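In: Next one to model:
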Amino acid sequence: MPKLKTRKSAAKRFRATGSGKIFRRKAFKSHLLQHKSSARKRRLSTKALVNERDEDNVRGMLPYL
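Out: This next block holds a predicted model:
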């Protein structure tokens, strides 16, 4: 069998936890930050787990994760 290719765009966006779940960054924290509250920006800075319904899709893009 040939090796499977990793989708590099997905590899830059997702990381695995120790237990095998997948982390992602939250959206809306890249620009236009001056009118967003500090609490909102702080909340957006935390990592989030990928939804269980999307996890199979992400794992398909990252075969060696």
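In: Kindly state the pLDDT recorded for residue 31?
Out: On the pLDDT scale, residue 31 is placed at 96.
In: try the one 5 residues further on
Out: Note on residue 36: pLDDT of 97.
In: Helices of this structure, residue ranges please.
Out: Using DSSP state H, the helices found in the chain span residues 8-13, 38-45, 52-61.
In: Turn those helices into a markdown table, including mean neighbour count and distance to residue 22.
Out: (C-beta placed from N, C-alpha, C; glycine too.) A markdown table is the format used below for the helices of the chain (neighbours: other CB atoms under 10 Å; distance: least, CB to CB, whole Å):
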| stretch | mean neighbour count | distance to residue 22 |
| --- | --- | --- |
| helix 8-13 | 12 | 10 |
| helix 38-45 | 11 | 18 |
| helix 52-61 | 12 | 6 |
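In: who wins for proximity to residue 20 among those?
Out: The closest of the helices of the chain to residue 20 is helix 52-61. By CB to CB, the value is 9.8 Å.
In: list the helices and strands the closest one packs on?
Out: Contacts defined by 3 or more CB pairs under 8 Å, 6 or more residues apart in numbering; DSSP states H and E place helix 52-61 against strand 22-24.
In: in the strand it packs on, what's buried?
Out: Of the residues in strand 22-24, those buried under the neighbour-count criterion (16 or more other CB atoms under 10 Å) are 22, 24.
In: Give me the helices and strands touching that strand, please.
Out: Counting by 3+ CB pairs under 8 Å, 6+ apart, strand 22-24 packs on strand 15-16, strand 48-49, helix 52-61.
In: residues making contact with that strand?
Out: With contact meaning CB atoms under 8 Å, 6 or more residues apart in numbering, strand 22-24 is reached by 13-17, 47-50, 55, 58-59, 65.
In: In its sheet, which strands sit next to that strand, and in what direction?
Out: strand 15-16 (antiparallel), strand 48-49 (antiparallel) (DSSP bridges).
In: Tell me which of these sits most buried.
Out: Ranked by mean neighbour count, those are led by strand 15-16 with a mean of 14 (mean count of other CB atoms under 10 Å).
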